[in-house]
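In: need a structure here:
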Amino acid sequence: MKSDSARTRRKPVDEAAALRHGALNLPSVHVDGYSLMVRGPTGFVGDAASQTAFRKLLQAWRKRHRRRNRADPLRGKDSKRIAKRELDEVLRAPVASAASDMLDAAIEEFAVELVQVIERYCKHPTWQRVERVVIGGGFPGSAVGEHALLQAGTILHQQGSRVTLARLCNDVDDAGLIGWVHLTPPALVAQYDAILAVDIGGTNVRCGIVETRRAKAKDLSRARVLRRHKWRHADDSPSRGDLMEGIAQMLHELAAHARRKGIALAPFVGVACPGRVLGDGSISRGAHNMPGDWSSDHFHLPQALAQLLPDIDGRRPDVLLHNDAVVQGLSELPFMQDVRHWAVLTIGTGLGNATYTNVAAEKKG
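Out: The predicted structure is shown next:
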(Lines give C-alpha, C1' and ligand atoms only; values in the text may rest on other atoms or scores of the structure.)
Protein backbone atom coordinates (compact mmCIF):
# COMPACT_ATOMS: atom_id res chain seq x y z
CA MET A 1 0.00 0.00 0.00
CA LYS A 2 1.37 3.43 -0.95
CA SER A 3 2.15 5.96 1.74
CA ASP A 4 0.30 9.28 1.99
CA SER A 5 3.28 11.14 0.57
CA ALA A 6 3.43 8.73 -2.36
CA ARG A 7 -0.25 9.38 -3.16
CA THR A 8 -0.05 13.16 -2.77
CA ARG A 9 0.76 15.24 -5.82
CA ARG A 10 4.11 16.83 -5.11
CA LYS A 11 4.98 20.40 -5.94
CA PRO A 12 8.12 20.98 -8.01
CA VAL A 13 11.10 21.46 -5.73
CA ASP A 14 14.01 23.70 -6.63
CA GLU A 15 16.68 22.22 -4.41
CA ALA A 16 19.65 23.20 -6.60
CA ALA A 17 20.72 25.92 -4.18
CA ALA A 18 20.74 23.42 -1.30
CA LEU A 19 22.88 20.90 -3.17
CA ARG A 20 26.55 21.49 -2.50
CA HIS A 21 29.16 18.78 -2.39
CA GLY A 22 31.21 18.69 0.82
CA ALA A 23 29.01 21.26 2.59
CA LEU A 24 30.35 22.39 5.97
CA ASN A 25 27.71 24.84 7.23
CA LEU A 26 24.43 23.05 7.86
CA PRO A 27 21.31 24.46 9.56
CA SER A 28 21.92 22.76 12.91
CA VAL A 29 25.63 21.96 12.87
CA HIS A 30 28.92 23.25 11.52
CA VAL A 31 31.56 20.81 10.31
CA ASP A 32 34.69 22.42 11.74
CA GLY A 33 37.07 20.12 9.91
CA TYR A 34 37.66 16.62 8.60
CA SER A 35 40.37 14.41 7.11
CA LEU A 36 42.85 15.99 9.51
CA MET A 37 46.35 14.87 8.54
CA VAL A 38 48.88 15.53 11.31
CA ARG A 39 52.44 14.44 10.65
CA GLY A 40 54.58 12.73 13.26
CA PRO A 41 58.19 11.48 13.26
CA THR A 42 57.30 8.35 11.26
CA GLY A 43 54.39 9.55 9.11
CA PHE A 44 50.79 10.61 9.65
CA VAL A 45 49.73 10.32 13.30
CA GLY A 46 46.32 8.83 12.47
CA ASP A 47 47.91 5.84 10.75
CA ALA A 48 48.75 4.43 14.19
CA ALA A 49 45.08 3.99 15.12
CA SER A 50 43.59 2.30 12.08
CA GLN A 51 42.46 -1.30 11.76
CA THR A 52 45.49 -1.80 9.51
CA ALA A 53 47.70 -0.59 12.36
CA PHE A 54 46.11 -3.04 14.80
CA ARG A 55 46.85 -5.94 12.45
CA LYS A 56 50.50 -4.81 12.27
CA LEU A 57 50.69 -4.68 16.05
CA LEU A 58 49.23 -8.18 16.28
CA GLN A 59 51.73 -9.46 13.74
CA ALA A 60 54.59 -7.92 15.72
CA TRP A 61 53.41 -9.61 18.95
CA ARG A 62 53.22 -12.94 17.12
CA LYS A 63 56.82 -12.57 15.94
CA ARG A 64 57.96 -11.86 19.50
CA HIS A 65 56.11 -14.94 20.72
CA ARG A 66 57.67 -17.13 18.04
CA ARG A 67 61.17 -15.93 18.93
CA ARG A 68 60.62 -16.81 22.59
CA ASN A 69 58.58 -19.99 22.26
CA ARG A 70 59.19 -21.23 18.71
CA ALA A 71 55.42 -21.48 18.23
CA ASP A 72 52.63 -19.31 16.87
CA PRO A 73 49.41 -19.41 18.92
CA LEU A 74 47.43 -18.23 15.87
CA ARG A 75 48.77 -21.00 13.64
CA GLY A 76 50.62 -19.20 10.90
CA LYS A 77 47.90 -17.27 9.01
CA ASP A 78 48.95 -13.69 8.25
CA SER A 79 47.37 -11.29 10.76
CA LYS A 80 45.70 -9.15 8.12
CA ARG A 81 43.87 -12.22 6.77
CA ILE A 82 42.42 -13.42 10.06
CA ALA A 83 38.69 -12.72 10.18
CA LYS A 84 37.45 -10.52 13.02
CA ARG A 85 35.16 -13.29 14.25
CA GLU A 86 38.18 -15.62 14.61
CA LEU A 87 39.94 -13.08 16.82
CA ASP A 88 36.74 -12.54 18.79
CA GLU A 89 36.48 -16.28 19.43
CA VAL A 90 40.02 -16.28 20.84
CA LEU A 91 39.21 -13.32 23.05
CA ARG A 92 35.94 -14.80 24.32
CA ALA A 93 37.30 -18.27 25.03
CA PRO A 94 36.35 -19.36 28.57
CA VAL A 95 39.92 -20.40 29.36
CA ALA A 96 42.91 -18.10 28.91
CA SER A 97 45.55 -19.22 26.44
CA ALA A 98 48.78 -18.04 24.87
CA ALA A 99 46.74 -16.76 21.96
CA SER A 100 44.35 -14.75 24.14
CA ASP A 101 47.22 -13.34 26.22
CA MET A 102 48.99 -12.22 23.06
CA LEU A 103 45.78 -10.69 21.69
CA ASP A 104 45.24 -8.82 24.96
CA ALA A 105 48.74 -7.37 24.66
CA ALA A 106 48.06 -6.15 21.11
CA ILE A 107 44.73 -4.63 22.20
CA GLU A 108 46.37 -2.79 25.10
CA GLU A 109 49.08 -1.37 22.87
CA PHE A 110 46.50 -0.28 20.30
CA ALA A 111 44.44 1.46 23.01
CA VAL A 112 47.51 3.45 24.03
CA GLU A 113 48.13 4.39 20.39
CA LEU A 114 44.50 5.52 20.01
CA VAL A 115 44.73 7.73 23.09
CA GLN A 116 47.94 9.28 21.79
CA VAL A 117 46.28 10.03 18.44
CA ILE A 118 43.34 11.71 20.20
CA GLU A 119 45.69 13.75 22.39
CA ARG A 120 47.69 14.85 19.35
CA TYR A 121 44.55 15.77 17.42
CA CYS A 122 43.28 17.80 20.39
CA LYS A 123 46.21 20.18 19.91
CA HIS A 124 44.90 21.13 16.47
CA PRO A 125 42.64 24.24 16.31
CA THR A 126 39.66 22.27 14.97
CA TRP A 127 39.90 19.81 17.89
CA GLN A 128 40.85 22.05 20.82
CA ARG A 129 37.29 22.37 22.17
CA VAL A 130 36.12 18.80 21.50
CA GLU A 131 34.30 17.31 24.49
CA ARG A 132 33.24 13.91 23.14
CA VAL A 133 34.61 11.60 20.47
CA VAL A 134 32.26 9.10 18.86
CA ILE A 135 34.05 6.01 17.59
CA GLY A 136 32.77 4.51 14.35
CA GLY A 137 34.11 2.42 11.51
CA GLY A 138 34.23 -1.35 11.27
CA PHE A 139 36.74 -2.00 14.07
CA PRO A 140 34.50 -1.15 17.08
CA GLY A 141 31.89 -3.63 15.86
CA SER A 142 34.07 -6.54 16.96
CA ALA A 143 34.78 -7.78 20.49
CA VAL A 144 38.45 -6.94 19.95
CA GLY A 145 37.55 -3.40 18.93
CA GLU A 146 35.15 -2.99 21.85
CA HIS A 147 37.85 -4.05 24.32
CA ALA A 148 40.30 -1.59 22.76
CA LEU A 149 37.82 1.28 23.07
CA LEU A 150 37.01 0.44 26.69
CA GLN A 151 40.70 0.47 27.51
CA ALA A 152 41.25 3.74 25.64
CA GLY A 153 38.31 5.34 27.47
CA THR A 154 39.71 4.18 30.80
CA ILE A 155 43.13 5.63 30.00
CA LEU A 156 41.63 9.01 29.07
CA HIS A 157 39.60 9.05 32.30
CA GLN A 158 42.62 8.15 34.44
CA GLN A 159 44.62 10.91 32.80
CA GLY A 160 41.92 13.44 33.64
CA SER A 161 41.21 14.21 30.00
CA ARG A 162 38.26 16.48 29.16
CA VAL A 163 37.46 14.12 26.28
CA THR A 164 35.12 11.15 26.68
CA LEU A 165 34.57 8.34 24.21
CA ALA A 166 31.20 7.10 22.92
CA ARG A 167 30.02 4.41 20.52
CA LEU A 168 27.74 4.92 17.54
CA CYS A 169 24.05 4.65 18.43
CA ASN A 170 23.31 3.01 15.07
CA ASP A 171 24.81 -0.12 13.61
CA VAL A 172 28.07 0.80 11.90
CA ASP A 173 26.83 -0.57 8.57
CA ASP A 174 23.84 1.78 8.81
CA ALA A 175 25.45 4.91 10.28
CA GLY A 176 27.30 5.90 7.10
CA LEU A 177 23.96 5.80 5.29
CA ILE A 178 21.71 7.36 7.94
CA GLY A 179 23.94 10.41 8.23
CA TRP A 180 22.72 11.47 4.79
CA VAL A 181 19.29 12.48 6.10
CA HIS A 182 21.00 15.52 7.67
CA LEU A 183 22.60 16.48 4.33
CA THR A 184 19.54 15.99 2.14
CA PRO A 185 17.83 19.25 1.09
CA PRO A 186 15.03 19.88 3.62
CA ALA A 187 12.44 20.25 0.84
CA LEU A 188 13.12 16.68 -0.24
CA VAL A 189 12.99 15.39 3.33
CA ALA A 190 9.60 17.07 3.73
CA GLN A 191 8.10 15.68 0.52
CA TYR A 192 9.43 12.12 0.37
CA ASP A 193 9.59 9.08 2.62
CA ALA A 194 13.14 7.96 1.95
CA ILE A 195 16.43 8.53 0.13
CA LEU A 196 19.11 6.34 -1.42
CA ALA A 197 22.53 6.49 0.22
CA VAL A 198 25.96 4.99 -0.52
CA ASP A 199 28.95 4.50 1.81
CA ILE A 200 32.19 3.63 0.01
CA GLY A 201 35.15 2.41 2.05
CA GLY A 202 38.51 0.91 1.25
CA THR A 203 37.19 -2.62 1.87
CA ASN A 204 33.38 -2.48 1.59
CA VAL A 205 30.69 -0.49 -0.14
CA ARG A 206 27.19 -0.23 1.33
CA CYS A 207 24.05 1.00 -0.43
CA GLY A 208 20.68 1.41 1.24
CA ILE A 209 17.21 2.89 1.37
CA VAL A 210 17.07 5.28 4.32
CA GLU A 211 13.63 6.12 5.68
CA THR A 212 13.62 9.57 7.30
CA ARG A 213 10.62 8.88 9.62
CA ARG A 214 10.28 12.63 9.98
CA ALA A 215 6.70 12.26 11.23
CA LYS A 216 7.99 10.29 14.23
CA ALA A 217 10.90 12.62 15.04
CA LYS A 218 11.49 16.03 13.48
CA ASP A 219 15.15 15.86 14.48
CA LEU A 220 15.43 12.71 12.29
CA SER A 221 16.62 10.67 15.27
CA ARG A 222 14.30 7.84 14.21
CA ALA A 223 15.73 7.52 10.69
CA ARG A 224 16.49 3.93 9.76
CA VAL A 225 17.79 1.78 6.94
CA LEU A 226 14.93 -0.17 5.36
CA ARG A 227 17.02 -2.26 2.97
CA ARG A 228 20.77 -2.51 2.48
CA HIS A 229 23.28 -4.17 0.19
CA LYS A 230 26.91 -4.69 1.15
CA TRP A 231 29.73 -5.59 -1.24
CA ARG A 232 33.21 -6.47 0.01
CA HIS A 233 34.83 -5.09 -3.12
CA ALA A 234 38.36 -5.54 -1.79
CA ASP A 235 37.99 -9.28 -2.43
CA ASP A 236 37.21 -8.66 -6.11
CA SER A 237 39.78 -5.91 -6.80
CA PRO A 238 37.47 -4.06 -9.24
CA SER A 239 38.63 -1.21 -11.44
CA ARG A 240 37.25 2.25 -10.74
CA GLY A 241 34.71 1.80 -13.52
CA ASP A 242 33.70 -1.64 -12.29
CA LEU A 243 33.13 -0.23 -8.82
CA MET A 244 30.83 2.46 -10.22
CA GLU A 245 28.93 -0.19 -12.20
CA GLY A 246 28.55 -2.38 -9.11
CA ILE A 247 27.23 0.52 -7.03
CA ALA A 248 24.78 1.49 -9.78
CA GLN A 249 23.51 -2.08 -9.98
CA MET A 250 22.77 -2.11 -6.25
CA LEU A 251 20.99 1.24 -6.50
CA HIS A 252 18.88 0.01 -9.41
CA GLU A 253 17.69 -2.92 -7.27
CA LEU A 254 16.96 -0.66 -4.30
CA ALA A 255 14.98 1.78 -6.43
CA ALA A 256 12.97 -1.11 -7.88
CA HIS A 257 12.30 -2.40 -4.35
CA ALA A 258 11.04 1.05 -3.31
CA ARG A 259 8.65 1.12 -6.27
CA ARG A 260 7.29 -2.33 -5.44
CA LYS A 261 6.71 -1.38 -1.81
CA GLY A 262 5.17 2.01 -2.56
CA ILE A 263 7.96 3.92 -0.83
CA ALA A 264 8.10 7.55 -1.92
CA LEU A 265 11.77 7.76 -2.87
CA ALA A 266 13.37 11.18 -3.35
CA PRO A 267 15.22 11.81 -6.64
CA PHE A 268 18.46 12.06 -4.67
CA VAL A 269 21.46 9.86 -3.91
CA GLY A 270 23.97 10.70 -1.19
CA VAL A 271 27.44 9.20 -1.65
CA ALA A 272 30.06 9.11 1.12
CA CYS A 273 33.68 8.27 0.34
CA PRO A 274 37.14 8.83 1.82
CA GLY A 275 39.03 12.00 0.96
CA ARG A 276 38.73 15.76 0.83
CA VAL A 277 35.59 16.63 -1.16
CA LEU A 278 35.55 19.99 -2.94
CA GLY A 279 32.47 22.06 -3.65
CA ASP A 280 32.42 21.03 -7.31
CA GLY A 281 32.28 17.33 -6.39
CA SER A 282 35.91 16.54 -7.12
CA ILE A 283 38.22 14.83 -4.63
CA SER A 284 41.49 16.58 -3.88
CA ARG A 285 43.22 13.98 -1.69
CA GLY A 286 42.75 11.10 0.74
CA ALA A 287 41.11 8.50 -1.52
CA HIS A 288 44.29 6.47 -2.03
CA ASN A 289 42.68 3.26 -0.73
CA MET A 290 40.14 3.35 -3.59
CA PRO A 291 40.68 1.53 -6.92
CA GLY A 292 42.06 3.83 -9.61
CA ASP A 293 42.83 7.54 -9.37
CA TRP A 294 39.88 9.28 -7.69
CA SER A 295 41.63 12.67 -7.70
CA SER A 296 42.07 12.64 -11.47
CA ASP A 297 40.85 15.67 -13.44
CA HIS A 298 39.15 13.17 -15.74
CA PHE A 299 37.02 11.55 -13.02
CA HIS A 300 34.01 13.16 -11.37
CA LEU A 301 32.31 10.60 -9.13
CA PRO A 302 28.85 12.24 -8.91
CA GLN A 303 28.61 12.63 -12.69
CA ALA A 304 30.00 9.16 -13.37
CA LEU A 305 27.45 7.55 -11.06
CA ALA A 306 24.51 9.74 -12.11
CA GLN A 307 24.88 8.56 -15.71
CA LEU A 308 24.32 4.96 -14.57
CA LEU A 309 21.24 5.54 -12.41
CA PRO A 310 17.54 5.07 -13.20
CA ASP A 311 15.04 7.91 -13.10
CA ILE A 312 13.35 8.38 -9.74
CA ASP A 313 9.96 10.07 -9.51
CA GLY A 314 10.15 10.96 -13.19
CA ARG A 315 13.64 12.45 -13.36
CA ARG A 316 17.32 11.71 -13.07
CA PRO A 317 18.34 11.85 -9.41
CA ASP A 318 20.84 14.38 -8.10
CA VAL A 319 24.00 12.82 -6.67
CA LEU A 320 25.68 14.57 -3.75
CA LEU A 321 29.16 13.71 -2.47
CA HIS A 322 30.69 14.12 0.98
CA ASN A 323 33.42 12.63 3.14
CA ASP A 324 32.55 9.29 4.74
CA ALA A 325 33.66 10.21 8.27
CA VAL A 326 31.60 13.42 8.15
CA VAL A 327 28.49 11.50 7.07
CA GLN A 328 28.93 8.72 9.63
CA GLY A 329 29.38 11.31 12.35
CA LEU A 330 26.22 13.15 11.30
CA SER A 331 24.20 10.02 12.08
CA GLU A 332 24.91 10.93 15.73
CA LEU A 333 23.77 14.54 15.46
CA PRO A 334 20.42 14.08 17.30
CA PHE A 335 22.23 12.35 20.18
CA MET A 336 24.99 14.96 20.59
CA GLN A 337 22.81 17.87 21.67
CA ASP A 338 24.14 17.84 25.25
CA VAL A 339 27.60 18.96 24.12
CA ARG A 340 28.73 21.93 22.06
CA HIS A 341 31.80 20.51 20.33
CA TRP A 342 32.23 16.88 19.35
CA ALA A 343 34.09 14.66 16.92
CA VAL A 344 34.04 11.30 15.19
CA LEU A 345 36.85 8.86 14.52
CA THR A 346 36.09 6.06 12.05
CA ILE A 347 38.46 3.15 12.57
CA GLY A 348 38.54 1.13 9.38
CA THR A 349 41.14 0.43 6.70
CA GLY A 350 42.33 3.94 7.54
CA LEU A 351 41.38 6.42 10.27
CA GLY A 352 38.70 8.93 9.28
CA ASN A 353 37.94 11.97 11.40
CA ALA A 354 35.64 14.97 11.61
CA THR A 355 34.78 17.65 14.17
CA TYR A 356 31.50 19.49 14.69
CA THR A 357 29.95 22.44 16.53
CA ASN A 358 26.23 22.33 17.30
CA VAL A 359 24.60 25.57 16.13
CA ALA A 360 21.95 25.72 18.90
CA ALA A 361 24.54 25.12 21.60
CA GLU A 362 26.83 27.74 20.07
CA LYS A 363 24.05 30.34 20.12
CA LYS A 364 23.30 29.59 23.78
CA GLY A 365 26.98 29.95 24.60
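
In: Check which helix or strand Asn125 maps to.
Out: For the record, residue 125 is Pro, not Asn. Assigned by DSSP states H and E, Pro125 falls within no helix or strand.

In: Now for it: which residues touch it?
Out: Pro125 makes contact with no residue, according to C-beta atoms under 8 Å, 6 or more residues apart in numbering. In this view, the C-beta of every residue, glycine as well, is placed from N, C-alpha and C.

In: Just the pLDDT for it.
Out: Turning to Pro125, the model gives it a pLDDT of 95.

In: what do you get for Thr346?
Out: You'll see Thr346 listed with a pLDDT of 93.

In: cool, and the one 4 residues further on?
Out: Looking at Gly350, its pLDDT reads 83.

In: Now do the residue nearest to it when sequence neighbours are not counted against Lys56, distance only.
Out: Computed as C-beta to C-beta, 6 or more residues apart in numbering, the closest residue to Gly350 that is not its neighbour in sequence is Ser50, at 5.1 Å. Note on Ser50: its distance to Lys56, by C-beta to C-beta, to the nearest Å, is 9 Å.

In: next one: Gly314
Out: 51 Å.

In: of the two, who's got more company?
Out: Set side by side, Gly314 and Lys56 show more neighbours around Lys56, with 17 against 7, by other C-beta atoms under 10 Å.

In: quick one: secondary structure of that one?
Out: helix (DSSP: H, G, I helix; E, B strand; the rest coil).

In: which element follows the host helix or strand of Pro267 toward the C-terminus?
Out: Using DSSP H and E, Pro267 sits in strand 265-273. Downstream of strand 265-273, the next assigned helix or strand under DSSP H and E is strand 276-277.

In: Next secondary structure after that next one?
Out: Strand 276-277 is succeeded, C-terminally, by strand 283-285 (DSSP H and E).

In: got the buried residues for the helix or strand just after that following strand?
Out: Following strand 283-285 in sequence order, the next helix or strand is helix 301-306 (DSSP H and E). Using 16 or more other C-beta atoms under 10 Å as the test for burial, helix 301-306 gives 301-302, 304-306.

In: Next: stretch 81-90.
Out: For stretch 81-90, by 16+ other C-beta under 10 Å, it's 82, 87-88, 90.

In: about what we covered before: want to throw the buried residues of helix 301-306 into TSV with pLDDT and distance to His182?
Out: Shown next, in TSV, are those (pLDDT from 0 to 100; distance: C-beta to C-beta, whole Å):
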residue	pLDDT	distance to His182
Leu301	91	20
Pro302	92	19
Ala304	93	25
Leu305	95	21
Ala306	94	22
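
In: got TSV for those, with distance to Asp324 too?
Out: As requested, these are exported to TSV (distance: C-beta to C-beta, whole Å):
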residue	distance to Asp324
Leu301	12
Pro302	15
Ala304	17
Leu305	15
Ala306	19
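
In: for those residues, which one is nearest Pro186?
Out: Of all these, the one with the least separation from Pro186 (C-beta to C-beta) is Pro302, at 20.1 Å.

In: Three-state assignment for Ala354, please.
Out: Applying three-state DSSP: Ala354 is strand.

In: Quick check, the residue nearest to Gly350 in contact with Gly348.
Out: Yes - with contacts counted by C-beta atoms under 8 Å, Ser50 reaches Gly348, the gap being 7.0 Å.

In: Can you read off the backbone torsions of the closest residue in space to Leu321 that isn't next to it in sequence?
Out: The shortest distance from Leu321 to any non-neighbouring residue, by C-beta to C-beta, 6+ apart, is to His21 (4.6 Å). Main-chain torsions, His21, degrees, to the nearest 10: phi -60, psi 140.

In: pLDDT score for His21?
Out: 93.

In: For this protein, which segments count as helices?
Out: With DSSP state H as the criterion, the chain has helices at 4-7, 51-69, 84-92, 98-121, 143-158, 172-178, 186-191, 240-261, 301-306, 324-330, 359-364.
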